[in-house]
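In: compute the structure for the input listed below.
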Amino acid sequence: MKLTHGRTLAVRYGPRESQSAELHLPSGEGPHPVVALLHGGFWRASQDRESMRPLARDLARHGFAALNLEYRRIGEPEAGWPGTFLDAADGVSLAEQLPDLDARRVAVVGHCSGGHLALWAAAWLSGLRFGAQAGTRVVRAVVTLGAVTDLRAAERDALDLPAPLAPADGPRAAVALLGGASVAVAGRYRLGSPLDLLPLGRETAQLLVHGAADEIVPLDHALRYARRAEQVGDCVRLLRYPGMGHFDMLDPGHPAWRASLRHLHENLL
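Out: Numbering: from 1, shown residues only. As a prediction, this is how the structure comes out:
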């Protein structure tokens, strides 16, 4: 495949319709540092990658190749455990398969449940928790935006999209994602929660961005993750913004996104 600089291309990493990405290329010659983006929506098929397009375009303007990933979500065949999780890792791995991308300079950015998948993909690809069958590749940086970090807490607090975006009478998001409650499939919750997969290793610079007024994902998800990551020696920083809600940082002009962009510059460029 020949890539045209300054263009947006459709690429695939699997046979299913949702195993795809939009590749936003910067101008100039590569190889380009890569930022993979994972959208939120509590892993449900009612939400897609459109919410991350403004950030993808902004990244391309700043010299990054942006992979705006789609993945199999609840309501689609083979979604949930482990399909949704592996899609996130396989999507990030496109950085190794496409020309003019620098697989040594890869970061992942995720919003809400996409932040959960960003942290999970970084853990999977490192091989530190899942062994060599997963990989031995280092994600240089992770940025989470209002991320879910603990699936047991998400189950306990019944975190989900509001109706009608999520079924009013069905299982809440974490239970639907993992195929059961934590008492029934405890191993999946343990292997699926970024909080339980620490450390990621000091080679991965982690930035957690969260609004103190986030009404969708409690700030405690970021606080507890940052505390534990520091305890185990990871390279982690938490930016807490007073008055910021759950979606504000998806505006490329917002200070929270500008701080995220600086983090990517510092670790990839």
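
In: pretty sure residue 250 sits against residue 244.
Out: No. Residue 250 lies out of contact with residue 244 (CB atoms under 8 Å); the separation is 11.1 Å. Any C-beta I mention is one placed from the backbone N, CA and C, and that applies to glycine too.

In: what's the single longest strand in this protein?
Out: strand 101-111 (DSSP state E).

In: what helices or strands is that one leaning on?
Out: strand 32-38, helix 113-126, strand 141-145, helix 255-268 (3 or more CB pairs under 8 Å, 6 or more residues apart in numbering; DSSP states H and E).

In: out of those, which is closest to residue 44?
Out: helix 113-126 (8.4 Å; CB to CB).

In: average model confidence for that closest one?
Out: Taken as a whole, helix 113-126 has a mean pLDDT of 96.

In: how far does that helix sit from the chain's center?
Out: Its chain's C-alpha centre and that of helix 113-126 lie 6 Å apart, by CA atoms, centre = their mean, to the nearest Å.

In: low-confidence stretches in this structure?
Out: Within the chain, the ranges that satisfy pLDDT under 70 run 1-6, 128-136.

In: and the helices in it?
Out: 53-61, 83-92, 113-126, 151-156, 173-178, 186-192, 220-231, 255-268 (DSSP state H).

In: which one of these is the most hemmed in?
Out: helix 113-126 (a mean of 29; mean count of other CB atoms under 10 Å).

In: and that helix with strand 101-111, angle?
Out: 140 degrees (axes from the mean of the first three to the mean of the last three CA atoms, to 10 degrees).

In: the closest residue to residue 155 other than its chain neighbours and residue 218, how far apart?
Out: The shortest distance from residue 155 to any non-neighbouring residue, by CB to CB, 6 or more residues apart in numbering, is to residue 174 (4.2 Å). Going from residue 174 to residue 218 by CB to CB, to the nearest Å gives 14 Å.

In: same deal with residue 120?
Out: For residue 120, the distance to residue 218 - CB to CB - is 19 Å.

In: one more: residue 33?
Out: Residue 33 is 32 Å from residue 218, by CB to CB.

In: over to residue 119?
Out: 17 Å.

In: swap in residue 57?
Out: 30 Å.

In: so who does the residue lying closest to residue 148 once chain neighbours are set aside touch?
Out: Leaving aside its sequence neighbours, residue 148 sits nearest to residue 116 (CB to CB, 6+ apart; 4.3 Å). The contact partners of residue 116, taken as CB atoms under 8 Å, 6 or more residues apart in numbering, are 110, 147-149, 151, 194.

In: repeat that for residue 159.
Out: 42, 148, 172-174, 216-217.

In: and for residue 190?
Out: If you count contacts by CB under 8 Å, 6+ apart, then residue 190 has residue 196 around it.

In: mind listing residues that contact stretch 231-240?
Out: In contact with stretch 231-240 (CB under 8 Å, 6+ apart) are residues 198-212, 219, 222-223, 225-226, 229-230, 256, 259, 263.

In: next, the buried residues of that stretch.
Out: Residues of stretch 231-240 classed as buried: 234-236, 238-240 (neighbour count, 16 or more other CB atoms under 10 Å).

In: buried sites along the longest strand of the chain?
Out: For strand 101-111, by 16+ other CB under 10 Å, it's 101, 105-111.

In: looking at these, which is nearest residue 187?
Out: residue 110 (23.2 Å).

In: the closest one touches residue 147, doesn't it?
Out: Yes. Look at residue 110 against residue 147 with CB under 8 Å: they come within range, at 6.2 Å.

In: shared neighbours of the two, anything?
Out: With CB under 8 Å, 6+ apart, residue 110 and residue 147 have common neighbours 116, 118-119.

In: which of residue 33 and residue 218 has more residues huddled nearby?
Out: residue 33 (26 against 18; other CB atoms under 10 Å).

In: circling back to that earlier point, make a markdown table out of the contacts of residue 116 and add distance to residue 181.
Out: Listed next are those as a markdown table, based on distance: CB to CB, whole Å:
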| residue | distance to residue 181 |
| --- | --- |
| 110 | 25 |
| 147 | 22 |
| 148 | 17 |
| 149 | 19 |
| 151 | 11 |
| 194 | 19 |
